[in-house]
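> Below are the sequence and a predicted model; questions follow.
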Amino acid sequence: AALVPVGRRRARVTRRALRCPVPAGRTRQVLVNLVENALRHGPPEGQVGLYATVRNPGLSILVTNEGRVDDALLAALRRPTPAVGMSGLGLWIVRQLVATDGGALRVHRLRPRGLAVEVLLPLAAGRADPSGPEVGPAGSAGRGQPC
């Protein structure tokens with residue numbers, strides 16, 4: 001959320017989501033890529049949201065903006081190999097990182113306008129992250145316990 005100027009930022013996390021340990025390095029990179037995309041592709045003064053909650057089947061993290069779902073976004077989310085050049089590369093990387101933890105990505109149209117990219121991570125203990133420890137409540141080291 002710190003990447004988004006204060007006047008454009010919306011964030012909300014449920015208490016239960018705060019207790020979920022996540023692989024620190026991968027989750028950080030996923031969120032950075034999605035927030036940077038929201039800033040780059042949304043309207044210049046549009047709102048960017050970051051929301052986390054627990055729901056079936058796991059932890060749901062939404063990154064929203066006031067842009068639109070277009071063919072380029074959908075193609076980047078479905079591409080089986082990295083893009084040539086930089087266009088769509090960040091979303092391809094996000095898919096790979098989320099898949100490492102058994103998660104998935106979804107895109108939602110928001111009404112009256114906007115889009116949300118949802119990261120779904122399963123609630124499972126023992127996800128190892130070679131790029132850093134699991135992080136749980138308030139940045140504390142997680143113990144691999146499901147939330």
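Nice, I can see it.

> Identify the residues contacting the residue nearest to Tyr51 when sequence neighbours are not counted.
Distances taken as Cβ to Cβ, 6 or more residues apart in numbering place Leu62 nearest to Tyr51, at 4.4 Å, with adjacent residues excluded. (Glycine included, C-beta is placed from N, CA and C.) Applying Cβ atoms under 8 Å, 6 or more residues apart in numbering, we find Leu62 in contact with Gly49, Leu50, Tyr51, Ala52, His108, Ala116, Val117, Glu118, Val119.

> distance from the centroid: which residue in the chain tops it?
In the chain, Val84 marks the outermost C-alpha relative to the chain mean, sitting 22.9 Å out by Cα atoms, centre = their mean.

> Need the three-state assignment for that residue.
What DSSP: H, G, I helix; E, B strand; the rest coil gives for Val84 is coil.

> who does whichever strand or helix holds Leu105 touch, helix- and strand-wise?
Using DSSP states H and E, Leu105 falls within strand 104-109. Helices and strands touching strand 104-109, by 3 or more Cβ pairs under 8 Å, 6 or more residues apart in numbering; DSSP states H and E, are helix 71-78, helix 89-100, strand 115-122.

> Distance from the chain centre to it, please.
10 Å (Cα atoms, centre = their mean, to the nearest Å).

> any weak-confidence spans in the chain?
The model of the chain has pLDDT under 70 over residues 86, 124-146.

> one more time with 50
The model of the chain has pLDDT under 50 over residues 125-144.

> ok, Gly46 - contacts?
Arg8, Asn65, Glu66, Gly67, Gly114.

> what's the burial count for the closest residue to the second one other than its chain neighbours?
This points to Asn65. Distances taken as Cβ to Cβ, 6+ apart put Gly42 closest to Asn65, at 3.3 Å, once the chain neighbours are dropped. By other Cβ atoms under 10 Å, the residues close to Gly42 number 19.

> Cross-check the contact I'm expecting between Gly42 and Gly67.
Yes: in this structure, Gly42 is within contact of Gly67 by Cβ atoms under 8 Å, at 4.1 Å.
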